[in-house]
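# Got a sequence here, can you model it:
(one chain, ligands or ions: 1)
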Amino acid sequence: MSIAIRNISKHFGAFHALDDVSIDIPSGELVALLGPSGCGKTTLLRIIAGLEFADSGRILLEGDDASGRHVRERNVGFVFQHYALFRHMTVFENVAFGLRVKPRKYRPNENEIRKRVSRLLELVQLGWLADRYPSQLSGGQRQRIALARALAVEPKVLLLDEPFGALDAKVRKELRRWLRQLHDEIHVTSVFVTHDQEEALEVSDSIVVMNKGRVEQIGSPDQVYDHPATPFVASFLGSVNLFHGRVEDGHLHVGEHALAVGAGHAATEQAVGFVRPHEFDLLPANAPGTGLPGKILRIIAIGPLAQVELARPNGELLEVAILRDTLSVLGLREGDEVSLRPRNIRVFQNNERLAA
Ligand SMILES: Nc1ncnc2c1ncn2[C@@H]1O[C@H](COP(=O)(O)OP(=O)(O)OP(=O)(O)O)[C@@H](O)[C@H]1O
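Residues are numbered from 1 along each chain as shown. As a prediction, the model looks like this:
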């Protein structure tokens with residue numbers, strides 16, 4: 001089922017939690033709502049669900065205006081960060097619950113319930129836990145059961161609010177891969193709230209980046225990461241190094257140095273260039289060609305990569321990620337003077353907001 005969010009605004013008292021938000025989610029997509037704490041992600045999810053009502057704007061489900069419809073009439077399934085499974089019920093009964101409480105005329109018979117629950121437990125790969133109680137499960141298993149329970153009533157839309165937020169990093173990583181695979185099997189339109197950039201990039205078909213109640217950008221993971229529409233998006237999605245300067249003749253002039261940025265940029269006195277840590281070449285200071293000078297302060301080995309901390313002559317710190325092999329071929333060490341060559345710079349006017 002497609003979801004169209006049209007010009008949604010929401011106040012809590014004088015506080016503007018959502019400000020004219022419009023998003024189109026095609027049927028079958030897995031979309032991440034990504035943004036810092038307090039930007040309105042959960043409020044938007046609750047409005048889609050019908051747990052909260054907007055001051056203005058509309059929610060269309062498969063083209064039909066659902067704005068005034070009760071949560072029970074919207075056919076949505078939920079998974080929350082702390083989804084309380086019923087402690088006194090087995091895993092099987094937890095998953096069966098939504099089917100058992102259906103009005104009699106829609107309720108499947110016992111045989112059908114057994115079949116459906118078993119199928120769902122296989123889908124979340126936990127059939128062997130059917131007779132356990134929630135207290136006998138790990139956190140990751142509980143969230144998978146919560147998902148099976150949400151899917152039992154065959155919702156047309158699945159809403160997930162930081163479903164893996166309470167789990168440790170390794171389990172989180174496993175579960176987001178698993179969620180992606182699961183979604184590829186069942187294709188239910190899903191909206192996934194997260195403040196974790198990596199999670200959004202890895203799991204979703206498209207990402208809605210939100211900030212202060214507004215949509216900053218909507219795009220595929222590659223689009224928002226490689227072509228951020230605003231400085232906020234550039235700085236929120238992954239690490240960046242900032243270079244302040246002026247743009248003239250297709251170059252960003254940083255102090256006495258000029259970095260080519262392409263002819264498409266209008267001349268401006270106040271610009272800021274964004275370069276991600278892996279978008280630099282590092283060369284010895286006396287290498288031919290132009291670059292920015294810097295000094296290596298620290299080299300931290302992380303598997304095959306080296307994270308290099310550098311200082312510019314003005315004291316500003318930079319972070320560069322480079323293959324350790326490349327560093328050793330170049331013979332670069334802590335304390336060495338180097339020339340930094342950005343391979344890619346995104347330039348914005350210097351009057352726009354950045355992520356904190
Ligand atoms: N019922 C409410 N009454 C008053 N203010 C609220 C209410 N619900 C949310 N807010 C405020 O609206 C803003 C958006 O909240 P929301 O929970 O949607 O943010 P979020 O992006 O999901 O944040 P987080 O990642 O921290 O959960 C916050 O500043 C929050 O304090």
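# C-alpha from now on. contacts and neighbour counts both.
Fine.
# Now do the residue of the stretch 201-350 of the chain found nearest the ligand against residue 219, distance only.
Among the residues of the stretch 201-350 of the chain, residue 213 lies nearest to the ligand; the distance is 7.2 Å by C-alpha to the nearest ligand atom. From residue 213 over to residue 219 the distance is 18 Å, taken as C-alpha to C-alpha, to the nearest Å.
# Neighbour count: the two, which is higher?
With neighbours defined as other C-alpha atoms under 10 Å, residue 213 and residue 219 compare such that residue 213 has more, 24 against 17.
# what sits against the nearest residue to that one once chain neighbours are set aside?
Sequence neighbours aside, residue 18 is the residue nearest to residue 213 in space, at 4.0 Å (criterion: C-alpha to C-alpha, 6 or more residues apart in numbering). Residues in contact with residue 18, defined by C-alpha atoms under 8 Å, 6 or more residues apart in numbering, are 8-11, 40, 43-44, 212-214.
# in what helix or strand does residue 18 lie?
Using DSSP states H and E, residue 18 maps to strand 15-25.
# For the residue most central in space within the chain, which residues are in contact?
The chain has residue 200 as the residue nearest its centroid, 2.6 Å off, counting by C-alpha atoms, centre = their mean. By C-alpha under 8 Å, 6+ apart, the contact set of residue 200 is 32-34, 194, 207, 221.
# Repeat the analysis, applying 10 Å as the threshold.
With contacts defined as C-alpha atoms under 10 Å, 6 or more residues apart in numbering, residue 200 is in contact with 30-35, 176, 192-194, 206-209, 221, 237.
# before we move on, what about residue 114?
Applying C-alpha under 10 Å, 6+ apart to residue 114 gives the contacts 92-93, 96, 108, 120.
# Show me the shaky parts of the protein.
Residues of the chain that meet the criterion pLDDT under 70 lie in 83, 351-356.
# All the helices of it, residue numbers only.
41-49, 91-100, 110-123, 139-152, 169-186, 197-203, 221-226, 231-236, 324-330 (DSSP state H).
# The ligand is nearest to which of the ones you listed?
Ranking the helices of the chain by proximity to the ligand (C-alpha to the nearest ligand atom) places helix 41-49 first, at 3.6 Å.
# Would you pull up how far that closest one lies from the middle of the chain?
Centroid separation for helix 41-49 versus its chain: 16 Å, with C-alpha atoms, centre = their mean, to the nearest Å.
# And stretch 268-281, by the same measure?
Stretch 268-281 sits 23 Å away from the centroid of its parent chain (C-alpha atoms, centre = their mean).
# tell me which residues of that stretch are tucked away?
By 16 or more other C-alpha atoms under 10 Å, the buried positions in stretch 268-281 come out as 271-281.
# what residues does the stretch 51-200 of the chain put near the ligand?
By the rule C-alpha under 6 Å from any ligand atom, the part of the stretch 51-200 of the chain lying against the ligand is residue 195.
# Contact partners for the closest residue to the ligand within the stretch 51-200 of the chain?
The stretch 51-200 of the chain approaches the ligand most closely through residue 195 (5.9 Å), counting by C-alpha to the nearest ligand atom. Counting by C-alpha under 10 Å, 6+ apart, residue 195 makes contact with 32-39, 41, 162, 165, 209-210, 236.
# circling back: list the ones among the buried residues of stretch 268-281 that fall in strands.
Under the assignment DSSP state E, the buried residues of stretch 268-281 contribute 271-275, 280-281 to strands.
# Can you convert those into a markdown table and add a column each for distance to the ligand?
A markdown table is the format used below for these (distance: C-alpha to the nearest ligand atom, whole Å):
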| residue | distance to the ligand |
| --- | --- |
| 271 | 29 |
| 272 | 27 |
| 273 | 28 |
| 274 | 25 |
| 275 | 27 |
| 280 | 32 |
| 281 | 36 |
